[in-house]
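1. quick one, structure for this:
(chains A, B, C and D)
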Amino acid sequence: HRLDPRTKILITFAFMVLLFVIDDFAGYAFPLIFIAAASLLSGISIKYMLRGLRPLLIIILLTFVLNLFMIKGRVIYEVGPLSITYEGLYQGTFMVLRLVLLIVGTSLLTLTTSPISLTDGIESLLKPFSKVGVPAHELAMMMTIALRFIPTLMEETDKIMKAQMARGADFSSGNIVKRAQSLVPLLVPLFISAFRRADDLAMAMESRCYRGGENRTRMKTLKMTREDLFAFVATGIFAAGCLASRFLW
Amino acid sequence: MNKSIKMLAFMGLFMALLVVATVVVSFPVPTFNLYFNLGESVIYLVALVYGAIPAAVIGSVGSALSDILKGYPMWAPITFFIKGTEGFIAGYFARRFNPFAGVVMGAVFMMAGYAMAAWKLYGPGAVPVELAGDFFQVSVGAIIALLLYKRMKNFLIKDN
Amino acid sequence: MAAEILAEGVCYQYSQSSKMALKDVDLRIRKGEFVAIIGPNGSGKSTLAKLFNGLFVPTKGRVTVDGLDTRDRENVWKIRQKVGMVFQNPDNQIVATVVEEDVAFGPENLGVPPEEIRKRVDEALEIVELKDFAQKPPHLLSGGQKQRVAIAGIIAMRPDYIIMDEPTAMLDPVGRKEVINTVKRLNREEGKTIVLITHFMEEAVEAARVIVMSEGRVVMEGSPREIFSKVGKLKAIGLDVPQVTELAHRLRGQGLAVRNDVLTIDEMVECLCPLL
Amino acid sequence: MPIVVKNLTHIYMPGTPFESVALRDVNWNVEDGEFWGLIGHTGSGKSTLIQHLNGLLKPTWGEVIVDGVNISERGVNLREIRQKVGLVFQYPEHQLFEETVEKDVAFGPKNLGLPEEEVTRRVKEALELVGLKYDEIKDRSPFELSGGQMRRVAIAGVLAMKPKVLILDEPTVGLDPRGRDEILGQIVRLRERQNITVILVSHSMEDIAKLVDKIAVMHKGRMVESGTPKQVFKNYEALASIGLDIPQVTHLMIKLKNKGKDVATDVLTVEEAEAEILRAARRK
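-> The predicted model follows:
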């Protein structure tokens, strides 16, 4: 929880890459241990993490079923033209497991880190690249503004939707073209309002002496601690394990 | 007023709008995106009005942000790449040829990109489902963007 | 060097427009003053505000802040640090997703060291009485609270002058009172110079000096009493007066011996008691 | 066309940790042709209440009966109710979206499926009702108009639906005194010409006192008071206790009365106050 957001982002990234390196079931032992350890340290229960899977259930099932039937190989069971093969079962389970691990592992990042500290982390990670033209500060500033205005625009959407409904608008019937058209009375005001807000905001930022990332200080600065170092070492061991599982077996 | 600050504020607001558009009208579909959403309409509109670079930035960062906020950061890197390139292509071809060509090329890239991602992540069987869902999404997005572009062109270009 | 904002023969024309938004405006705002600017929509009030901190530069004439000319691009950051601006829409001037982060935005831009920023942020939130809201996301605040966050963001930059461009126009009566009380405190206790643009007359009454604008010109200037006693003139340019002021004006017209510069209910009671 | 609100309770997001009660047991009868003022603080439930009157929100408990039709009943034609009860939201200019003023005002009537000539006729009429000249303004983009004009176009967009009840949520917020007087003047004229029922939500006690026949006061989701302005403002202590003001002149008369002066306190406007004080002064 208390890790530097940069550490968390890097580790999550490493975790994702490594998951795709693993190519047999034994290899999954490492990410499983990793998630268990992370769960223990962060105090977020596995059950809570699994909740994030719910909306993905269809996909997970679909992945399983598709792989089950589509892979050719030794037949276990036949229903009409469809056949379940041993390879299909293996592949399906493998894919699903990878998906679940991916989702659960990465959801740790969003569960333990607020979007703001994520933004700060991304800015600081990109900073070295600003020499080669990556506008790290600007990107982070945009993300901050986006996060700031999401709730405001949501509320506004609700208001405009209701106002148009009061004028007899209907957002929920007709074919694709009709529906797309019916969204115009909602989206035009929304876009225009976003423009006006951008104008106002730019004016306010300028008045508050904003002039880009140069010579700017921050009230809260990110600090790497010994815990971060420890996390990196742990991830390194984990990575080595994954790679070993792939190349030694 | 300072042009670059204005652009920064504008990009921030449109990222927010992109996130809102991906949430407001969204229902689950079994595709890579998980939800049908209006994200494309924002990306394409920015592409049509402001060109390739702003569309690429808003498409990539904004869409990745939506993924992170929805709690699925594992999609973020892939989304970042696909939607960013989609925005860039749409903006590039819209300037080079016409708005229609822009959205079509963007849409084609988006579908190809996600089809490949689905192949890799869920297996080859997922590709047709993915393509069907994406086709629906980019069509709605493209229709809306073209309608809005026609409608707001004057307002948007005059103002900036 | 004089401690004041000075506008001399200022004209301003928007690039898309053929009409002058401001015509030959001469104004002096001394340090420590509380000035209200009133006028109907389109009278040039907001334009004038944006000239004070160099967001706009005059088409003709000049604006100086403590002797610094706003046309000189080198002065612009110094001027903006001295002259803080609060705008009408409380939503569109808050940048960050947490109250205290937003208050820190200005000092961060000025390159103030972190510990010092922390100190200023806490102080500023104290002054606007939002200490308990430091960790809140701004969208959960009421309009009046948001506007106070915006004010705190300005105070943290330690400006001498604070220009407020209709800060209460979008607020409900409760929010309006909160903001006006904060503004009064800033002037009286913190010694900040306040320029309050408003079309609520009961707010203008709080100022020491009122400037009336119409069609790009300054048409009246004086203490609230002097200004509001001219009921007819104000009405003619589309402005209001407080109800009691209007009542006093009408009663005088009917031959009752009431003062013509009544501003509050209590003054009116005092005036009327001997007559009834 | 009467509106009857019976034991209306509305709970936002029931069953979640965000559950909040916006309205509690509200009873309200709006008779044909009345002019109501609805007052109360932000968050007192005013907005939630008015959104029930045209079916944008449904009661959690209780009933809302518009022209004899219960809006929560199955198969109710909500479009028809929304046509009968026109709702003008705060900052209505934010919902303008068409390329021309004419098209924007026509959006409502078109959604009603009216024939073209009828739509045009209504657009003309609605624009004139808000004091705009149809021929001068119909082809202009709504986004090029001044703030006050934009707002009037937006109000015309609701008037073109020919509602029998018109609800306006703070129609004058953000306008300067002249803009405010224009809008309020048009509402009064509209009532004279079409005899429709009007519900005006406002924070300005002066405006409310000047215009309406009856006032309803909302506080913390309850309707704590309703009656004629004179009745409601008489209870100024109750109003003050929930942080609401009364018009300055009413306040003045009450203070004079408290000083032992013989004046009537049921005074609502500057004109009435003038007359009353002159009367009292001459009597002396």
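
2. from here on, just use CA atoms for contacts and neighbour counts.
-> Will do.

3. report whether the helix or strand hosting B:Ala142 contacts chain A.
-> Taking DSSP states H and E as the definition, one finds B:Ala142 inside helix B:126-159. Yes: applying CA under 8 Å from any CA of the partner chain, one finds helix B:126-159 touching chain A at B:126, B:140-141, B:143-144, B:147-148, B:152.

4. list the helices and strands that helix packs on?
-> Packing contacts for helix B:126-159, counted by 3 or more CA pairs under 8 Å, 6 or more residues apart in numbering or on different chains; DSSP states H and E, involve helix A:57-70, helix A:176-182, helix A:184-207, helix B:39-50, helix B:99-122.

5. how does it look with 6 Å?
-> Contact here means 3 or more CA pairs under 6 Å, 6 or more residues apart in numbering or on different chains; DSSP states H and E; on that basis helix B:126-159 packs against helix B:39-50, helix B:99-122.

6. quick one: distance of that helix to the chain centre.
-> Centroid separation for helix B:126-159 versus its chain: 8 Å, with CA atoms, centre = their mean, to the nearest Å.

7. before we move on, what about stretch C:142-156?
-> Between the centre of stretch C:142-156 and the centre of its host chain there is 14 Å, according to CA atoms, centre = their mean.

8. residues contacting it, please?
-> Outside stretch C:142-156, the residues within contact range by CA atoms under 6 Å, 6 or more residues apart in numbering or on different chains are C:84, C:90, C:103, C:120-121, C:124-125, C:128, C:171, C:175.

9. just stretch B:91-102 next, same as before
-> With contact meaning CA under 6 Å, 6+ apart, stretch B:91-102 is reached by B:47-48, B:51-52, B:90.

10. still on that earlier bit, most tightly surrounded among the helices and strands packed on helix B:126-159?
-> Sort the helices and strands packed on helix B:126-159 by mean neighbour count, taking mean count of other CA atoms under 10 Å in any protein chain shown, and helix B:39-50 sits at the top with a mean of 28.

11. and the helices and strands packed on helix B:126-159, which one is worst for confidence?
-> Looking at the helices and strands packed on helix B:126-159, the lowest mean pLDDT belongs to helix B:99-122 (a mean of 81).

12. quick one: that helix to helix B:39-50, angle?
-> Angle, helix B:99-122 to helix B:39-50, by axes from the mean of the first three to the mean of the last three CA atoms, to 10 degrees: 140 degrees.

13. how about the host helix or strand of D:Leu184, does it reach chain C?
-> Assigned by DSSP H and E, D:Leu184 belongs to helix D:177-194. Yes: counting by CA under 6 Å from any CA of the partner chain, chain C has neighbours in helix D:177-194: D:177-178.

14. which other helices and strands does that helix contact?
-> Secondary elements touching helix D:177-194 (3+ CA pairs under 6 Å, 6+ apart): none.

15. can you give me the buried ones in stretch D:38-45?
-> Across stretch D:38-45, burial judged by 16 or more other CA atoms under 10 Å in any protein chain shown covers D:38-42, D:44-45.

16. so which of those belong to helices?
-> When the buried residues of stretch D:38-45 are checked against helices (DSSP state H), there are no matches.

17. among these, show me the least confident.
-> D:Thr42 (86).

18. quick one: the strands in chain A?
-> With strands called from DSSP state E, chain A shows them at A:75-79, A:82-85.

19. and the longest helix for chain A?
-> From DSSP H, the single longest helix across chain A is helix A:136-166.

20. got the angle between it and helix A:184-207?
-> Using the same axes, to 10 degrees, helix A:136-166 lies at 140 degrees relative to helix A:184-207.

21. neighbouring contacts of the top helix by length along chain C?
-> Counting by DSSP H, the longest helix found in chain C is helix C:173-188. Contact with helix C:173-188 is made by C:144, C:168, C:192, as judged by CA under 6 Å, 6+ apart.

22. show me which residues of it are buried.
-> The neighbour-count check on helix C:173-188 (16+ other CA under 10 Å) flags C:173-176, C:178-180, C:182-184, C:186-187 as buried.

23. let me know the next secondary structure element after that helix.
-> Defined by DSSP H and E, the subsequent element after helix C:173-188 is strand C:193-197.

24. which ones are touching the residue in chain A positioned nearest to chain D?
-> Residue of chain A nearest chain D, by CA to the nearest CA: A:Arg167 (4.7 Å). A:Arg167 makes contact with D:Gly108, according to CA under 6 Å, 6+ apart.

25. beta partners of the residue nearest in space to the middle of chain D?
-> Centroid check for chain D by CA atoms, centre = their mean gives D:Leu200 as the closest residue, at 1.8 Å. Counting by DSSP bridges, D:Leu200 forms beta bridges with D:Gly37, D:Leu168.

26. give the contact list for it.
-> Contacts for D:Leu200 (CA under 6 Å, 6+ apart) come out as D:37-38, D:168.

27. and the residue of the stretch 51-200 of chain D closest to chain A?
-> At 4.7 Å from chain A, D:Gly108 is the closest residue in the stretch 51-200 of chain D, using CA to the nearest CA.

28. can you list contacts of the helix or strand hosting that residue?
-> Element membership for D:Gly108 (DSSP H and E) is helix D:101-111. With CA under 6 Å, 6+ apart as the test, helix D:101-111 has contacts from A:167-168, D:98, D:119, D:123, D:138, D:140-142, D:157, D:161.

29. make it 8 Å
-> Residues outside helix D:101-111 that contact it (CA atoms under 8 Å, 6 or more residues apart in numbering or on different chains) are A:167-169, D:96-98, D:119-120, D:122-123, D:137-142, D:153-154, D:156-158, D:160-161.

30. hmm, which of the residues you listed are the buried ones?
-> A:167-169, D:96-98, D:119-120, D:122-123, D:137-138, D:141-142, D:153-154, D:156-158, D:160-161.

31. just to be sure, D:Leu166 is in a strand?
-> Yes: D:Leu166: assigned to a strand according to DSSP: H, G, I helix; E, B strand; the rest coil.

32. pretty sure it contacts D:Val85?
-> Yes: using CA atoms under 8 Å, D:Leu166 is in contact with D:Val85, at 5.9 Å.

33. who's more crowded, those two?
-> Under the criterion of other CA atoms under 10 Å in any protein chain shown, the comparison of D:Leu166 against D:Val85 puts D:Val85 first, with 29 against 23.

34. find the nearest non-adjacent residue to the more buried one, please.
-> Distances taken as CA to CA, 6 or more residues apart in numbering or on different chains put D:Val165 closest to D:Val85, at 4.7 Å, once the chain neighbours are dropped.

35. how about A:Ala231?
-> In space, and not counting its chain neighbours, A:Ala231 is closest to A:Thr7: 7.7 Å by CA to CA, 6+ apart.

36. I figured that neighbour hits A:Asp228, correct?
-> Yes: using CA under 8 Å, A:Thr7 is in contact with A:Asp228, at 6.3 Å.

37. my guess is D:Leu57 contacts D:Glu63. True?
-> No: counting by CA under 8 Å, D:Leu57 stays clear of D:Glu63, with 11.7 Å between them.

38. looking at those two, which one has more neighbours?
-> D:Glu63 (22 against 16).

39. burial of the nearest residue to D:Glu31 once chain neighbours are set aside, as a residue count?
-> Leaving out its chain neighbours, the residue that sits closest to D:Glu31 by CA to CA, 6+ apart is D:Pro2, at 4.6 Å. For D:Pro2, the neighbour count with other CA under 10 Å is 17.

40. confidence score at D:Pro2?
-> 88.

41. what's it in contact with, if anything?
-> D:Pro2 neighbours (CA under 8 Å, 6+ apart): D:29-32, D:66-68.

42. buried among those residues? Make that a ChimeraX selection.
-> Only the buried entries of the contacts of D:Pro2 go into this ChimeraX selection, using 16+ other CA under 10 Å:
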select /D:30,32,66,67
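
43. adding pLDDT and secondary structure, write the contacts of D:Pro2 out as TSV.
-> Output for the contacts of D:Pro2, formatted as TSV (pLDDT from 0 to 100; DSSP: H, G, I helix; E, B strand; the rest coil):
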residue	pLDDT	secondary structure
D:Asn29	93	strand
D:Val30	93	strand
D:Glu31	92	coil
D:Asp32	90	coil
D:Val66	91	strand
D:Asp67	88	coil
D:Gly68	88	coil
